[in-house]
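Asks: Let me see the structure of the following:
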Amino acid sequence: MTRRDFKNNLTVVDHPLVLHKLTLMRDKNTPSAVFRQLLREISLLLAYEVTRDLPMTTQHIETPVAPMDAPILLGKKLVIVSVLRAGNGLLEGMLDLLPSARVGHIGMYRNPETLQPVEYYKKLPTDIAERTVIVVDPMLATGNSVAAAIKRIKETGAKDIRFVCLLAAPEGVTHVHETHPDVPVFTAAVDSHLNDHGYIVPGLGDAGDRMFGTK
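Replies: Below you'll find the model as predicted:
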């Protein structure tokens with residue numbers, strides 16, 4: 001199931017399996033290994049939705065029974081861009097479904113005082129401008145890091161860009177929509193608000209720390 005907010009170019013994938021797995025991830029007692037596996041499983045389900053409208057063509061093949069014109073994807077393979085470090089948790093599940101996708105990485109961290117993004121790494125496919133790009137980062141909190149990452153990707157000439165996250169705050173959704181109204185956002189849930197430290201409430205804590213057991 002999905003809910004769409006056309007005003008904010010937002011799609012909430014509230015499938016029962018997604019919500020069930022998300023609840024397990026929110027639980028502070030869920031160990032890192034289980035957290036990573038759940039994130040991988042949810043990302044595969046989110047990938048179904050974000051790729052729903054990919055262009056198709058037909059290819060003539062022969063089945064063991066008869067020839068047919070069968071549907072097949074049109075154009076070049078996708079690019080999945082992971083916003084490091086936590087984006088890699090979504091990346092792995094997406095690659096389970098889209099194993100031929102090209103992969104890019106943008107390293108961003110949030111300055112704890114200003115909450116503004118600081119870029120420390122960028123490596124993208126050279127022909128990214130010719131491909132559909134899916135940007136992945138589990139948490140859309142203030143939206144500053146994601147907006148900055150999308151800006152850097154647009155500077156390469158990319159035009160068809162989609163963003164996928166696990167959880168979003170209303171503030172982050174608004175910020176991405178205002179800075180990049182052409183980029184649709186796909187998420188499993190939109191939570192209540194951000195606290196004074198820029199964390200999503202009720203959220204699930206810091207996704208990177210939960211994934212890697214670093215806090």
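Asks: For the closest residue to Lys154 other than its chain neighbours, give the beta-bridge partners.
Replies: With C-beta to C-beta, 6 or more residues apart in numbering as the criterion, Lys154 has its nearest non-adjacent residue at 7.1 Å, and that residue is Ile161. Glycine gets a C-beta too; all of them are placed from N, C-alpha and C. Per DSSP bridges, the residues bridged to Ile161 are Val133.
Asks: Distance of the spatially most central residue of the chain relative to Lys7?
Replies: Closest residue to the average C-alpha location of the chain: Val164 at 2.3 Å, with C-alpha atoms, centre = their mean. Applying C-beta to C-beta, to the nearest Å, the value for Val164 to Lys7 is 19 Å.
Asks: What of Leu24?
Replies: 31 Å.
Asks: So the two - more neighbours on which side?
Replies: Leu24 (15 against 7; other C-beta atoms under 10 Å).
Asks: List the buried residues for the helix or strand in which the more buried one is found?
Replies: Secondary structure assignment for Leu24, by DSSP states H and E: helix 16-26. For helix 16-26, a neighbour-count test (16 or more other C-beta atoms under 10 Å) marks 18, 21-22, 25-26 as buried.
Asks: chain center to the helix or strand following that helix: distance?
Replies: Per DSSP H and E, helix 16-26 leads on to helix 32-50 as the next helix or strand towards the C-terminus. Its chain's average C-alpha position is 10 Å from that of helix 32-50, according to C-alpha atoms, centre = their mean, to the nearest Å.
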